[in-house]
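Enquirer: here is a sequence together with a model predicted from it:
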Amino acid sequence: MKDSVKRALHGSRQAVVVTVVLMLICGLLFPLLLTGLSSLIFPHQANGSLITVDGMTVGAKNVGQEFTEDYYMWSRPSAYHYNVYVEDEEGNQTYTDGTEFPGLGSGSNNYAPSNPALIERVEQDVVNYVARTLKVDTSELPGEAELLDAQMTYIAEKANISVDQLKQQAADIPDDSSEALAYLAEAAGLPTEEKDLEALASEAPTLYQLQKESIAQAANTSIEEVEDIISSLPTDLMTASGSGLDPHISPASADIQVPRIAEASGLSEEEIREIISRHTGGKVLGIFGEDTVNVLEVNIEIGQAMGLLGSEE
C-alpha cells in the first residue's frame, strides 16, 4: 500500500514538475526570446509598424483607417468602421455615420451570399459611393417612406384603382418593405400566390433603383452614366474584408478614385498616381497574393502634398 502511494506521489510530482517547466519554457522563455530577437532584428515591425508624423503616431501600416474627405483615398467598407469614432461633449461615442460605437472590435458580419442583408449593404455602399462621387447629398436620397409611396402607386396601377382607394383598403401596412408589397397586393385584390407575388416583385420599384434615379436627377446626368459608374467599380471597393481592418485596396480601386481626389485636393492626377505608385506593393515573392495599395500611406503623402501634414518620421 505504501509503495503504491509513493509511486502515485512520485508520478504526480513528475507531472507537476514537467507542467511547470514546460509552462516556463513555452509561456515565458520562448515568447521573451522571440520578442527579443524580433525587436533586435525587426524593431519597426516588432513595435507594430507605427507611422509617425510631426512627432505624433497617426496609425499603423498594417491596420486600415476610415477616411471620409473627398481629397483622401477611401478604404474598403468595414463592419466596424475601422474603429474610427467621435465623442460628443456628453461622452457619447458614435461612428462617423452616426451609429453607436460599441467598442473596439474587428471582424465582419459574415453574411452568406444568399443573405438579403448582404445585398442591401452592398447596394447602400454603391449608392453612397456614386452619390459622393457626383457630389450628391446622401441625406436627400429617397428612403423607406418614398419606397412605400412608389410601391403603392405601382400596386394601384396593377389593380386599376386609385392610390387613395388603396390607402383606404390598406390600413395596417408592415414596416418591412418586402412584406409591404405582398400586403398591398392582397389589399388591392390582386392574386397573391407565390408565383404571382414573384412576378409583382420582379417589376416593383426598389429602394436601390429609386436612389439611383434620384442621384441622376440631382447630378443633372443620365441614369446610364450612373450605371456606367457602378459597372466600373472594382469588387474589393464595395466588399468588406474578413477582419474589417484591411489597410489595402487594389490598384484598380485606387485608380478609380484619382479624378475625385485630384479635383478635391488641387493636386494633378499625375501627382496622385505617382503617390499611389510609391505605396503599391507587389505579390509576395512575385507569386503569392495580389498587388495592393496602402491607403493610409497614400493619404499621409496626399496630406503632406496639400500642406495639411508635416513630414513623416
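Expert: In hand now; what should we look at? Values in this document were obtained by computation on a predicted structure and should not be read as measured data.
Enquirer: the helix or strand encompassing Gly59 pairs with which strands?
Expert: Gly59 belongs to strand 56-60 when assigned by DSSP states H and E. Sheet partners assigned to strand 56-60 using DSSP bridges are listed as strand 50-53 (antiparallel).
Enquirer: flag every buried residue along the strand it pairs with.
Expert: For strand 50-53, a neighbour-count test (16 or more other C-beta atoms under 10 Å) marks 51, 53 as buried. Where you see a C-beta, it was placed from the backbone N, CA and C, and this is true even at glycine.
Enquirer: re the thing from before, can you list the residues that contact the strand holding Gly59?
Expert: Strand 56-60 has contacts (C-beta atoms under 8 Å, 6 or more residues apart in numbering) with 48-52, 65, 247, 296, 300.
Enquirer: keeping just the C-alphas, turn it into CSV.
Expert: Taking C-alpha atoms only, strand 56-60 is exported to CSV below (Å, rounded to 0.1, in the frame of the first residue of the first chain):
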residue,chain,number,x,y,z
MET,A,56,2.7,62.1,-33.4
THR,A,57,1.7,58.5,-34.1
VAL,A,58,-1.0,58.6,-36.8
GLY,A,59,-1.6,54.9,-37.4
ALA,A,60,-0.1,51.5,-38.2
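Enquirer: after it comes which helix or strand?
Expert: Per DSSP H and E, the first helix or strand lying C-terminal to strand 56-60 is strand 85-87.
Enquirer: packing partners for the helix or strand just after that next one?
Expert: Next helix or strand after strand 85-87 toward the C-terminus (DSSP H and E): strand 93-95. Applying 3 or more C-beta pairs under 8 Å, 6 or more residues apart in numbering; DSSP states H and E, we find strand 93-95 packed against strand 85-87.
Enquirer: helices or strands next to the strand it packs on in the packing?
Expert: With contacts taken as 3+ C-beta pairs under 8 Å, 6+ apart, strand 85-87 sits against strand 93-95.
Enquirer: pLDDT of the strand it packs on, averaged?
Expert: Averaged over strand 93-95, pLDDT sits at 88.
Enquirer: other residues contacting the helix or strand just after it?
Expert: Following strand 93-95 in sequence order, the next helix or strand is helix 116-133 (DSSP H and E). The set of residues external to helix 116-133 that reach it, using C-beta under 8 Å, 6+ apart, is 70, 74, 77, 109, 111-112, 137-138, 141, 178, 207-208, 211-212, 215, 226, 229-230, 233, 237-239, 260.
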